[in-house]
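>>> Have a look at this prediction, sequence included:
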Amino acid sequence: MNHQVLARKWRPHNFTEIVGQEHVSQSLINALRHNRLHHAYLFTGTRGVGKTTIARILAKAINCENLQDYNPCGVCAVCTALDEGRFLDLIEVDAASRTKVEDTRDLLDNAQYAPNSGKYKVYLIDEVHMLSGHSFNALLKTLEEPPEHVKFLLATTDPQKIPATVLSRCLQFNLKRLSISQISEQMAYILNAEKIEFEVSALRLLARAADGSMRDGLSLLDQAIVYGNDVVHTATVSHMLGTIAQQPVEDLLRSLAENNAASVLHKVKEMAELTPDFASILQQMLYFLHRLALVQQVPAIAEADDDADILRELSPLFSAEKLQLYYQIALMGQKDLSLSPDPKSGFEMILLRMLAFSPQKTSANVQKIAPTIAQKSRSAMVSPTEVRAMPTDSKIANKEAPVTANVRLTEVDEELSWHEIVATMSIVGLTRELANNCILEGVDEQQCRLILDPKQAQIRSPRSEEKLQAAVQAYYKRPLKLVIKTEAVVADTPAVQIQKDKINRQQDAVDAIDNDENIQALKANFDARIIPGSIEPVQNND
């Protein structure tokens with residue numbers, strides 16, 4: 001028996017087998033149930049989403065001799081003939097090869113005659129937008145008032161090219177692009193039925209490469225099966241597609257979040273050893289940056305995502321401005337990649353451009369003052385100090401009065417705030433974000449107690465708490481246990497203070513420009529004006 005490609009072998013034969021187009025299949029089932037069939041249907045959508053397949057199923061359903069739950073039975077003479085391509089009352093036409101008006105007239109001349117064996121004579125015109133203007137005019141009258149026994153099923157990838165007069169006479173259904181999950185789940189179902197070994201991560205790579213098309217996805221799956229010798233593994237699929245697995249892209253984004261150029265270049269070097277398609281890697285980065293931006297604005301989106309854990313981990317590492325900047329640089333970098341001496345160097349320059357133009361990291365600003373604070377802390381190491389618990393506003397927190405802990409802690413300056421303490425710690429990424437969104441409740445011989453802002457509860461994780469506890473122990477030079485409570489904070493967290501400092505610096509810069517004598521003279525003599533949003537404070541690199 002000759003081999004049949006998966007896209008044809010697993011083509012749906014009834015409405016229940018259609019993937020991802022429930023809004024269309026349910027509407028057609030309801031039309032069949034209530035006998036409210038339109039005389040002309042137009043199915044639109046990108047390639048490989050099921051336009052022609054749904055049209056054939058509908059042609060089968062309206063002629064089926066024994067509908068099962070308003071689905072074609074698949075066993076009657078009509079269904080069998082239609083599946084085998086010998087049903088005379090289904091006239092299937094490729095408009096791309098029959099664009100002339102004479103072809104359309106010849107086609108419609110037979111419309112007046114009754115069906116041969118079915119209830120309806122069905123005209124299925126694929127890529128209908130390819131018809132000429134005269135052909136559309138010839139079709140228009142018959143399309144408007146067809147005989148009782150005629151149905152028109154039109155399919156197109158470009159409905160904008162169809163005249164409005166034709167569109168107005170059709171019942172239009174827009175088919176959706178299929179999601180990565182829908183395509184990969186269908187692939188898994190097919191491979192299980194075919195008894196072929198596979199890895200889920202490999203199917204996701206294929207589904208992403210399919211770009212919303214089930215047919216393209218199944219064609220790639222056929223290629224992967226042959227390439228992998230009847231197994232579909234991530235490594236072989238990556239080599240076949242010229243892509244890399246998801247993990248290196250995640251590591252690359254972490255390095256970018258930390259502004260670590262050495263780590264970024266090291267990751268690129270590791271990727272280059274796999275001889276990947278760097279344009280495809282850039283596409284994966286764009287895909288991740290887009291989802292991270294969505295999760296930052298609407299955190300609930302992460303819950304429905306297959307990579308929810310990764311998105312929740314990476315999201316706090318980037319500011320909204322940095323995500324937008326990185327996305328734009330990566331988007332524009334796609335055009336420059338083909339102009340670079342080689343893809344690797346072009347990809348490296350795109351990443352270095354992200355680091356060069358990255359908004360100044362708040363933690364970097366804090367690190368600039370860290371040496372001064374550390375020196376101040378060392379100069380204060382002369383006598384034991386008394387650390388008091390932070391006072392709490394009883395009207396807000398409704399707590400008991402704070403207790404003063406008379407604890408003898410050496411080598412700690414009592415004047416340092418939690419903001420300054422965090423600045424001296426060697427922590428980055430999610431750990432620093434956690435520290436910056438806490439306030440210090442108190443320190444004693446056994447514990448360091450922090451209060452976390454409830455609005456930032458999602459950044460808390462066992463790994464970041466473990467790293468923060470190690471940093472606290474290193475700072476206080478004692479094995480303290482870190483205790484973090486999530487409740488309303490009554491003082492500004494370091495993150496809030498950093499934001500206020502940023503706003504104050506911006507306002508100082510605006511005031512300095514407004515009050516500058518030269519600027520005032522330019523305004524008075526030349527009708528000059530300051531462009532809103534163009535003033536930025538000068539970064540102090542001392």
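It's in.
>>> Listing request: residues of the chain with sub-threshold pLDDT.
Applying pLDDT under 70 to the chain flags residues 1-2, 242-247, 275, 302-307, 360-415, 539-542.
>>> Could you rerun that using 50?
Within the chain, the segments meeting pLDDT under 50 span 361-414, 541-542.
>>> How is it partitioned into domains?
Per automatic domain parsing, the structural domains of the chain span 6-174, 180-241, 246-356, 363-496.
>>> I'd like the ones you listed as CSV, with mean neighbour count appended.
All C-beta atoms are positioned from the backbone trio N, CA, C, and that covers glycine. Below are these laid out as CSV (neighbours: other CB atoms under 10 Å):
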stretch, mean neighbour count
domain 6-174, 17
domain 180-241, 19
domain 246-356, 16
domain 363-496, 16
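>>> can I get those domains in CSV with distance to Gln520?
Converted to CSV, the domains of the chain look like this (distance: least, CB to CB, whole Å):
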stretch, distance to Gln520
domain 6-174, 55
domain 180-241, 56
domain 246-356, 31
domain 363-496, 31
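>>> Quick one, which of the ones you listed gets closest to Asn518.
For Asn518, the closest of the domains of the chain is domain 363-496, at 28.8 Å, according to CB to CB.
>>> of the domains of the chain, which approaches Ile530 most closely?
Nearest to Ile530, of all those, is domain 246-356, at 21.6 Å by CB to CB.
>>> and the closest one, how far out from the chain's middle?
Its chain's C-alpha centre and that of domain 246-356 lie 12 Å apart, by CA atoms, centre = their mean, to the nearest Å.
>>> and if you look at stretch 428-444?
Distance, stretch centre to chain centre, for stretch 428-444: 30 Å (CA atoms, centre = their mean).
>>> End to end on it, go ahead and measure it.
Distance across stretch 428-444, first residue to last, is 25 Å (CA to CA, to the nearest Å).
>>> which stretch among the domains of the chain comes nearest Asp508?
Counting by CB to CB, Asp508 lies closest to domain 363-496 out of the domains of the chain; the figure is 14.8 Å.
>>> With respect to Leu522, which of the domains of the chain lies nearest?
Using CB to CB, those put domain 246-356 closest to Leu522, at 30.0 Å.
>>> Tabulate the CA atom coordinates of the helix or strand hosting Asp222 in PDB.
Counting by DSSP states H and E, the element that carries Asp222 is helix 214-227. C-alpha atoms of helix 214-227 as PDB (Å, rounded to 0.1, in the frame of the first residue of the first chain):
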ATOM      1  CA  MET A 214      -2.200  22.600  10.900                       C
ATOM      2  CA  ARG A 215      -1.300  21.500   7.400                       C
ATOM      3  CA  ASP A 216       2.100  23.000   7.600                       C
ATOM      4  CA  GLY A 217       2.600  21.500  11.000                       C
ATOM      5  CA  LEU A 218       1.700  18.000   9.800                       C
ATOM      6  CA  SER A 219       4.000  18.400   6.800                       C
ATOM      7  CA  LEU A 220       6.900  19.300   9.100                       C
ATOM      8  CA  LEU A 221       5.900  16.400  11.300                       C
ATOM      9  CA  ASP A 222       6.200  14.000   8.300                       C
ATOM     10  CA  GLN A 223       9.700  15.500   7.600                       C
ATOM     11  CA  ALA A 224      10.700  15.100  11.300                       C
ATOM     12  CA  ILE A 225       9.600  11.400  11.300                       C
ATOM     13  CA  VAL A 226      11.800  10.700   8.200                       C
ATOM     14  CA  TYR A 227      14.700  12.800   9.500                       C
END
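>>> Tell me which of the domains of the chain approaches Ala509 most closely.
Minimum separation from Ala509 across those (CB to CB) falls at domain 363-496, 14.8 Å.
>>> can you give me the strands for the stretch 251-400 of the chain?
Along the stretch 251-400 of the chain, the segments classed as strands by DSSP state E, counting those that start in this stretch run 385-386.
>>> what about the helices in it?
Listed in chain order, the helices of the stretch 251-400 of the chain (DSSP state H, counting those that start in this stretch) span 261-272, 278-297, 308-314, 320-337, 343-356, 362-379, 394-397.
>>> could I get the ones you listed as JSON lines with distance to Lys176?
Formatted as JSON lines, the helices of the stretch 251-400 of the chain follow (distance: least, CB to CB, whole Å):
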{"stretch": "helix 261-272", "distance to Lys176": "33"}
{"stretch": "helix 278-297", "distance to Lys176": "18"}
{"stretch": "helix 308-314", "distance to Lys176": "23"}
{"stretch": "helix 320-337", "distance to Lys176": "24"}
{"stretch": "helix 343-356", "distance to Lys176": "32"}
{"stretch": "helix 362-379", "distance to Lys176": "41"}
{"stretch": "helix 394-397", "distance to Lys176": "49"}
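>>> Tell me which of those lies nearest to Thr234.
Nearest of the helices of the stretch 251-400 of the chain (CB to CB): helix 278-297, 13.8 Å.
>>> contacting residues around that closest one?
208, 241-244, 246, 249-250, 252-253, 271, 301-302, 305, 307, 311-312, 314-315, 318, 320, 323-324, 326-327, 330-331, 333-334, 337-338, 343-344, 346-347, 350 (CB atoms under 8 Å, 6 or more residues apart in numbering).
>>> hang on, Leu482 in a strand?
Yes. Under DSSP: H, G, I helix; E, B strand; the rest coil, Leu482 sits within a strand.
>>> in what helix or strand does the closest residue to it other than its chain neighbours lie?
Residue nearest to Leu482 in three dimensions, not counting chain neighbours: Gln469, with 3.8 Å by CB to CB, 6 or more residues apart in numbering. Following DSSP H and E, one finds Gln469 within helix 462-476.
>>> rewinding a little: out of the domains of the chain, which gets nearest to Lys523?
Nearest to Lys523, of all the domains of the chain, is domain 246-356, at 29.9 Å by CB to CB.
>>> who touches the residue nearest to Trp418 when sequence neighbours are not counted in this structure?
Excluding its sequence neighbours, the residue lying closest to Trp418 (CB to CB, 6+ apart) is Leu440, at 3.9 Å. Going by CB under 8 Å, 6+ apart, Leu440 touches 390, 417-418, 421, 448-450.
>>> got a list of contacts for stretch 308-327?
Stretch 308-327 has contacts (CB under 8 Å, 6+ apart) with 250, 253-254, 256-258, 285-286, 288-293, 295-297, 299, 302, 305, 354, 357-359, 429-430, 433, 456, 458-459, 461.
>>> Quote the end-to-end distance of that stretch.
End-to-end distance of stretch 308-327 (CA to CA): 20 Å.
>>> Would you agree Arg177 is in contact with Gly212?
Yes. If you go by CB atoms under 8 Å, Arg177 and Gly212 touch, sitting 3.2 Å apart.
>>> what sits in contact with each of the two?
Contact criterion CB under 8 Å, 6+ apart; residues shared by Arg177 and Gly212: 46, 49.
>>> just to revisit the earlier point, for the residue nearest to Trp418, helix, strand, or coil?
Following three-state DSSP, the label given to Leu440 is strand.
>>> do you know how far it is from Ala423?
Spatial separation of Leu440 from Ala423 under the definition CB to CB, to the nearest Å is 13 Å.
>>> mind listing the helices for the stretch 401-542 of the chain?
Taking DSSP H, counting those that start in this stretch as the test, the helices found in the stretch 401-542 of the chain are 418-424, 429-436, 462-476, 494-514, 517-526.
>>> Can you add distance to Lys100 and give these back as TSV?
Formatted as TSV, these follow (distance: least, CB to CB, whole Å):
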stretch	distance to Lys100
helix 418-424	76
helix 429-436	65
helix 462-476	68
helix 494-514	67
helix 517-526	67
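>>> looking at the ones you listed, which is closest to Phe152?
Relative to Phe152, the nearest member of those by CB to CB is helix 429-436, separated by 58.3 Å.
>>> quick check: angle from that closest one to helix 494-514?
Counting by axes from the mean of the first three to the mean of the last three CA atoms, to 10 degrees, helix 429-436 lies at 90 degrees to helix 494-514.
>>> Confirm that Leu154 sits in a strand.
Yes. Counting by three-state DSSP, Leu154 is found in a strand.
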